[in-house]
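Chemist: structure for the following, please:
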Amino acid sequence: MLVVLETRSKHLISPQLTPQALKARKNATSLSEPPGHRHGVLGSGPDLHLLIVGDSSAAGVGAPRQREALSGQLTQALAESYRVSWRLVARTGSTTRTTLPLLRAQDVQDTDVALVVLGVNDVTSQIPLKRLLHHRAELYRRLFEDWGAKRVIATGIPPIDKFPLLPNPLRWLLGLQARRFDHALARQAASMGVDYMPFDVPLTPQMMAEDGFHPGPNAYHLIGKKVAAQILHR
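Modeler: Modelled structure (predicted):
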């Protein structure tokens, strides 16, 4: 993998970082997606149909079981107020582009809230920002139009320069790119009626998984609570 730092006029390719990038990618994929249900019904009260779409963080990598991953933490928090019918469509390594065919392969169901958890792999895959925004717009349109989502919520890209796994200067370069992508995605979301939630969970060692790249159960707990509060707020 080559690291590309985009500027307004050109791409700065850093082939000397290839060994760092290859080693980081290998270590980042060392953890498996946790076992557990990927759909179900939980709680009592008004019906809430929830769809979670995304990458390894959506799939719960870094947690021992789905119950302690994002889907479990979020649905448990929402189940205090709703009867939650939920579904998880996520895969390790997914980018916004590769999520589109994955979503098309699913049986469409009524959706009140769709949660999109993507971004890190968009940065590391070196996709040009303009193309990323095109794919993300298509994803949002599919969720609104095909799935009938009443609300779409997207989580922001975490500060990659805080990931313990990554060495410098690779960490610095990817962190810079992540911030640039995150700002652009936030502006796009606002223009399309999507709730964009900046990533504000501290990435301390206690919050990270053992691989130093994915969230751990403590981080999933906080993220689940924050997303639940965002949903309950409206």
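
Chemist: now the helix ranked longest in the chain: buried residues?
Modeler: Ranked by number of residues, the top helix in the chain under DSSP state H is helix 170-192. Within helix 170-192, the residues that count as buried by 16 or more other C-beta atoms under 10 Å are 170-171, 173-175, 177-182, 185-186, 188-189. Glycine gets a C-beta too; all of them are placed from N, C-alpha and C.

Chemist: among those residues, which one sits closest to P215?
Modeler: Nearest to P215, judged by C-beta to C-beta, of those is A178 at 15.1 Å.

Chemist: so who does the closest one touch?
Modeler: A178 sits next to G119, V120, V123, I157, P158, P159, I160, D161 when contact means C-beta atoms under 8 Å, 6 or more residues apart in numbering.

Chemist: let's go with 7 Å and repeat that
Modeler: Applying C-beta atoms under 7 Å, 6 or more residues apart in numbering to A178 gives the contacts V123, I157, P159, I160.

Chemist: V89 now?
Modeler: By C-beta under 7 Å, 6+ apart, the neighbours of V89 are L51, V53, L102, L103, Q106.

Chemist: beta partners for the residue nearest the centre of the chain?
Modeler: Nearest to the geometric centre of the chain sits V117, at 2.3 Å (C-alpha atoms, centre = their mean). Assessed by DSSP bridges, V117 has beta-bridge partners G54.

Chemist: and the pLDDT for it?
Modeler: pLDDT, V117: 98.

Chemist: ok, it touching I153?
Modeler: No. Look at V117 against I153 with C-beta atoms under 7 Å: they stay out of range, at 9.4 Å.

Chemist: check contacts around K162.
Modeler: L203 are the contacts of K162 under C-beta under 7 Å, 6+ apart.

Chemist: count the neighbours of K130 for me.
Modeler: Neighbour count for K130, taken as other C-beta atoms under 10 Å: 9.

Chemist: hmm, I was thinking of T204
Modeler: Neighbours of T204 (other C-beta under 10 Å): 12.

Chemist: if I pick it, what's in contact with it?
Modeler: So T204 contacts nothing (C-beta under 7 Å, 6+ apart).

Chemist: specify the local secondary structure of it.
Modeler: Three-state assignment for T204 (DSSP: H, G, I helix; E, B strand; the rest coil): coil.

Chemist: how far away is it from G212?
Modeler: 12 Å (C-beta to C-beta, to the nearest Å).

Chemist: returning to that earlier point: and of the contacts of A178, the nearest to A137?
Modeler: I157 (16.6 Å).

Chemist: hang on, that closest one packs against D182?
Modeler: Yes. With contacts counted by C-beta under 7 Å, I157 reaches D182, the gap being 4.3 Å.

Chemist: tell me which helix or strand of the chain sits lowest on mean pLDDT?
Modeler: In the chain, no helix or strand scores lower on mean pLDDT, DSSP states H and E than strand 3-6, which sits at a mean of 39.
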